[in-house]
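1. Give me a model of this one.
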Amino acid sequence: MMHLQLARKTWPGADSAVLADIELHVAAGEFVCLVGPSGCGKSTLLALIAGLDAEFSGTLRASADLGLLFQTPRLMPWLTVRENLALVLPQGRCDAHALELLAAMGLDAATLDRYPGQLSGGQQRRVALARAFAARPRLLLLDEPFVSLDAPVAQRLRELLLAQWQAERPGVLFVTHDLDEALTLADRIVFLGGAPAQVVLEWRCGVLRPRSPAAVAGQRAVLLGAHPDLLAGRRGCGPAQESADG
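-> Here you go, the predicted structure:
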């Protein structure tokens, strides 16, 4: 599905690398969260995997059938919802699957002929989420897509994301700096830290979905009890490893 062997990523003119010695994979149907401090290079790593940045040392094998969801919805403001969905479809028009996705996101048929500026922020995110799934991607890349939303809206969108992922089972790589979000969503969490950023820990979440707030809090306590400096992105976490049950 996706395998990255990154030796080094350096910005032009910089003396030191931003990312180094990273091996990362996502299996078919697996939901992986990438967590690390702000500015550590998570979005940079996602851009490499998406093929938006080819300037790095290493090798990448990834499905050509990609879906992308960014921190902002990135809907074309001069196009209607119907036309925004059609952008990612081979036929250039909304098919039955795309319309079903929109309905699954809780948006009615009247939404199709509205422009993004006529929608709330939460509705725009739902349209963007539907568009990400519309082309049936084998690999879905998400860069902190719910970061600026109110907590109830963000939680509802996480539920919609999980429901659609469980229905279609693409491989998912979801970037976040929110540990609770990762513990709610992921099969496996990959933590970045250090300078240059590297994988400091891998944690497998063994709690069945849906995960209650109490279950997430329990996982968080176990994880940070074993690795108290983890959220600081320090290299004191030891080598990358997995926990069988989180």
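
2. Okay, now the unreliable bits of the chain?
-> 233-246 (pLDDT under 70).

3. ok, which stretches of this protein are helices?
-> 42-50, 81-86, 96-104, 121-134, 151-168, 179-185, 213-226 (DSSP state H).

4. Does anything pack onto the fifth one? Which helices or strands?
-> Judged by 3 or more Cβ pairs under 8 Å, 6 or more residues apart in numbering; DSSP states H and E, the packing partners of helix 151-168 are helix 96-104, helix 121-134, helix 179-185. Glycine gets a C-beta too; all of them are placed from N, C-alpha and C.

5. mind redoing it with 10 Å?
-> strand 31-35, helix 96-104, helix 121-134, strand 139-143, strand 171-176, helix 179-185 (3 or more Cβ pairs under 10 Å, 6 or more residues apart in numbering; DSSP states H and E).

6. among these, which is nearest residue 149?
-> Between residue 149 and the helices and strands packed on helix 151-168, the tightest spacing by Cβ to Cβ is seen for helix 121-134, at 6.5 Å.

7. Can you give me the buried ones in that closest one?
-> Buried residues in helix 121-134, counted by 16 or more other Cβ atoms under 10 Å: 122-134.

8. sorry, back to before: tabulate the helices and strands packed on helix 151-168 (a markdown table), appending distance to residue 83.
-> Below are these laid out as a markdown table (distance: least, Cβ to Cβ, whole Å):
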| stretch | distance to residue 83 |
| --- | --- |
| strand 31-35 | 30 |
| helix 96-104 | 11 |
| helix 121-134 | 11 |
| strand 139-143 | 22 |
| strand 171-176 | 26 |
| helix 179-185 | 30 |
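
9. out of those, nearest to residue 161?
-> Residue 161 sits nearest to helix 121-134 of all the helices and strands packed on helix 151-168, at 6.3 Å, using Cβ to Cβ.

10. sorry, back to before: now tabulate the helices of the chain in a markdown table and tack on distance to residue 72.
-> A markdown table is the format used below for the helices of the chain (distance: least, Cβ to Cβ, whole Å):
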| stretch | distance to residue 72 |
| --- | --- |
| helix 42-50 | 12 |
| helix 81-86 | 13 |
| helix 96-104 | 19 |
| helix 121-134 | 8 |
| helix 151-168 | 14 |
| helix 179-185 | 17 |
| helix 213-226 | 26 |
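
11. Just confirm residue 62 contacts residue 5, I think it does.
-> No: assessed by Cβ atoms under 10 Å, residue 62 is found out of contact with residue 5, at 11.8 Å.

12. of these two, who's got more company?
-> Higher neighbour count among residue 62 and residue 5: residue 62, with 20 against 14, using other Cβ atoms under 10 Å.

13. Name the nearest residue to the more buried one, sequence neighbours excluded.
-> If the residues on either side of it in the chain are set aside, residue 62 comes closest to residue 2, at 4.3 Å by Cβ to Cβ, 6 or more residues apart in numbering.

14. Residue 152: neighbouring residues, count only.
-> 9.

15. about what we covered before: quick one: closest of the helices of the chain to residue 112.
-> Nearest to residue 112, of all the helices of the chain, is helix 81-86, at 4.3 Å by Cβ to Cβ.

16. That closest one packs against which elements?
-> helix 96-104, helix 121-134.

17. quick revisit: I'd like to know which of the helices and strands packed on helix 151-168 is closest to residue 192.
-> Among the helices and strands packed on helix 151-168, strand 31-35 sits nearest to residue 192 (Cβ to Cβ), with 6.7 Å.

18. gap between the most centrally placed residue in the chain and residue 119?
-> Ranked by distance to the mean C-alpha position of the chain (Cα atoms, centre = their mean), the top residue is residue 174 at 1.8 Å. Using Cβ to Cβ, to the nearest Å, residue 174 is found at 23 Å from residue 119.
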